[in-house]
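[1] With the sequence up front, the predicted model follows.
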Amino acid sequence: MIDARIFKANDIRGVVTGPETEWDTDGAYAIGAATADVLAISDGRGGLVLGRDMRTTSPAMAAAFADGVLARGADLVDIGLASTDELWFASGHLDLPGAMFTASHNPGDYNGIKLCHRQARPIEPAELLAIRDSALAGPRASADQPGTRTEQDLLRAYADHLHSLVDLSGIRRLKVVVDAGNGMGGLTTPAVLGDLDLDIVGLFLDLDGSFPNHPPNPLEPANLLDAQAAVREHAADLAVVFDGDADRCFVIDERGEVVSPSAITALIAVRELAREAGSAIVINKITSQTVPKLVAAAGGRTVITRVGHTFVKAAMAEHDAVFGGEHSAHFYFRDFWGADTGMLAALHVLAAAGATTEPLSGLVEQYSHFAASGEINSEVAEVEPILVALEERFADRAVPDRVDGLTLTGDGWWVNVRPSNTEPLLRLNVEAPTTTQVEALRDEALAIIRG
């Protein structure tokens, strides 16, 4: 069973348990067979690499998907439990297309699939639609010769590759809180950070797809409270908080205050431009306007694209960008096949923090020049009437554009409203020179959004 609505803009995601199931193992099998056909991995073309997260449904769903791939005559390399960025690594390392079973930050009753071509290149929206249509068309005949399934453990190779990209030698010993939220960061943290000269305070590193401590979504402030409290309790230098599949990383400073992902984007961009002068940096419409200013000052150029890993990866490839960052705390690296990795972003922060005696709060001040609202979500019945109403409301003060949702740009400030790619929500972000301005613009926009 497959509800066509599980096919989102960038990936596949839907409810797999409970009374309103949107797909099941039969659906996963059909999608596996369709993926083999659409990505043309049958007939001895090398096959596909498959990973899965710790969700309770992932073993059965991933196994059914694998059976569908094998039935079409395609080979499959199963790397087992993995973070999404480990799957991107596997795709690049093995030079194979990849499929990762995860629903990222969604609740435990969800599951999904993130797909890529060889070298972790994103699949096109049209290809995802073709997989949808093929899977929905019904069963297809099995190949005369089924594919071969093999298993491979790449966790050590993944960790070694990350260590090769950031020099952490000579940094001072840091005390670091790591909150994995019972997600895949609990697998990758010991492998990547365990060999470093760090004092690690681990929170919720055990893998548990029921998420007993807090939901695996660091975009929600409530899900950062445990890490913030732990930083203060242990007098730590900083904390990193991963989402469910550990491809995103939020950072908290020594005071227990959340560091804006835009500030982290600027920090890493400047570091990468120091070794790759003149390169491109990819950001999206809700990244702080501080970032392009600092990129220009560092001799780089900024490319702006839509929110979502498919769009950012495509822009990274098109412009040969050395780095890309999203305000949702996705961070992309050319040396990581243009893919997003929360762990590599964390290593850059650790390298920067460990190279100075200054506290992290002082270090990131130079990368934070504006006040911001953070992302505010609202459930709405219809999106377009709200966007029109907002455009009319701000017509005398702002220039509108529809690159990604609606962005209203005024004198030193902007308001962005866009529908979520993965959830039935309208997302609001505001940035302005002062907190007072942010609050006024936020409240004015919310009055229209929420009626």
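    Received it, and whenever you're ready, just let me know what you need. Residues are numbered from 1 along each chain as shown.
[2] low-scoring stretches of the chain, by residue?
    With pLDDT under 70 as the threshold, the chain has low-confidence stretches at 42-45, 422.
[3] Now do stretch 249-259: everything it contacts.
    The contact list for stretch 249-259 (Cβ atoms under 8 Å, 6 or more residues apart in numbering) reads 177, 218, 221, 224, 227-229, 231-232, 235-242, 261, 264, 329, 331, 342-343, 345-346, 349, 359-361, 364, 368. No exception for glycine: its C-beta is placed from N, CA and C like everyone else's.
[4] Now do it: distance from first to last residue.
    The first residue of stretch 249-259 is 11 Å away from its last residue (Cα to Cα, to the nearest Å).
[5] List the buried residues of that stretch.
    Neighbour-count burial for stretch 249-259 flags 249-254, 256, 258-259 (criterion: 16 or more other Cβ atoms under 10 Å).
[6] now swap in stretch 15-23 and tell me
    By neighbour count with 16+ other Cβ under 10 Å, stretch 15-23 contains the buried residues 15-16, 22-23.
[7] cool, and stretch 78-91?
    Applying 16+ other Cβ under 10 Å to stretch 78-91 flags 78-79, 81-91 as buried.
[8] try stretch 209-221
    209, 211, 213-219.
[9] cool, and stretch 227-244?
    Within stretch 227-244, the residues scored as buried using 16+ other Cβ under 10 Å are 227-228, 230-231, 236-244.
[10] Check stretch 147-157 too.
    Buried residues in stretch 147-157, counted by 16+ other Cβ under 10 Å: 147, 149, 154-155.
[11] ok, the buried residues of stretch 249-259 vs Thr310, which is closest?
    Nearest to Thr310 among the buried residues of stretch 249-259, counting by Cβ to Cβ, is Cys249 at 19.7 Å.
[12] My reading is that the closest one lies in a strand. Confirm?
    Yes - the assignment for Cys249 by DSSP: H, G, I helix; E, B strand; the rest coil puts it in a strand.
[13] of the buried residues of stretch 209-221, closest to Ala99?
    Nearest to Ala99, judged by Cβ to Cβ, of these is Gly209 at 18.2 Å.
[14] Relative to Tyr110, how far out is that closest one?
    10 Å (Cβ to Cβ, to the nearest Å).
[15] residues shared between the contacts of these two?
    Taking Cβ under 8 Å, 6+ apart as the contact rule, Gly209 and Tyr110 both touch Arg55.
[16] Arg55: neighbouring residues, count only.
    Arg55 has 31 neighbouring residues, counting by other Cβ atoms under 10 Å.
[17] do the same with the one 3 residues further on
    Ser58 has 21 neighbouring residues, counting by other Cβ under 10 Å.
[18] before we move on, what about Ser142?
    Ser142 has 13 neighbouring residues, counting by other Cβ under 10 Å.
[19] Validate this expectation: it resides in a strand.
    No - secondary structure of Ser142 (three-state DSSP): coil, not part of a strand.
[20] ok, now which ones touch it?
    71-72.
[21] same thing but at 10 Å, please
    Contacts for Ser142 (Cβ atoms under 10 Å, 6 or more residues apart in numbering) come out as 33, 68, 70-73.
[22] tell me the two of these that are most distant?
    Greatest spatial distance among these (Cβ to Cβ): Gly68 and Gly73, at 11.3 Å.
[23] hey, what's in contact with both of these two?
    Common neighbours of Gly68 and Gly73, using Cβ under 10 Å, 6+ apart, are 36-37, 142.
[24] Ramachandran angles for Asp24?
    Dihedral angles of Asp24 (phi, psi; degrees, to the nearest 10) stand at phi -140, psi -170.
[25] same question, Ala395
    Per-residue torsions, Ala395: phi -60, psi -30 (degrees, to the nearest 10).
[26] Gly410 is in contact with that one, correct?
    No - counting by Cβ atoms under 10 Å, Ala395 sits too far from Gly410 to count as a contact (11.2 Å).
[27] Quick check on the two: which one has the bigger neighbour count.
    Set side by side, Ala395 and Gly410 show more neighbours around Gly410, with 15 against 11, by other Cβ under 10 Å.
[28] if I look at the more buried one, how far off is Arg427?
    Applying Cβ to Cβ, the value for Gly410 to Arg427 is 19 Å.
[29] quick revisit: of all the buried residues of stretch 78-91, which two lie farthest apart?
    Based on Cβ to Cβ, the longest span within these runs between Asp78 and Asp85 and measures 17.6 Å.
[30] burial of Thr407, as a residue count?
    By the criterion of other Cβ under 10 Å, Thr407 has 19 neighbours.
[31] Just checking: what are the partner strands of the helix or strand encompassing it?
    Per DSSP states H and E, Thr407 falls inside strand 406-409. Strand 406-409 pairs in its sheet with strand 399-401 (antiparallel), strand 414-419 (antiparallel), by DSSP bridges.
[32] Reformat those as TSV; add mean neighbour count and distance to Met1.
    Output for those, formatted as TSV (neighbours: other Cβ atoms under 10 Å; distance: least, Cβ to Cβ, whole Å):
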stretch	mean neighbour count	distance to Met1
strand 399-401	13	40
strand 414-419	23	26
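[33] List just the one of these that sits closest to Ser373.
    strand 414-419 (8.9 Å).
[34] ok, then the element right after the closest one?
    Heading C-terminal from strand 414-419, the first helix or strand you meet, by DSSP H and E, is strand 426-432.
[35] Check which helices and strands the helix or strand just after that next one is in contact with.
    Using DSSP H and E, the helix or strand that follows strand 426-432 towards the C-terminus is helix 435-449. The contact analysis (3 or more Cβ pairs under 10 Å, 6 or more residues apart in numbering; DSSP states H and E) places helix 435-449 against strand 371-372, strand 376-378, helix 384-393, strand 414-419, strand 426-432.
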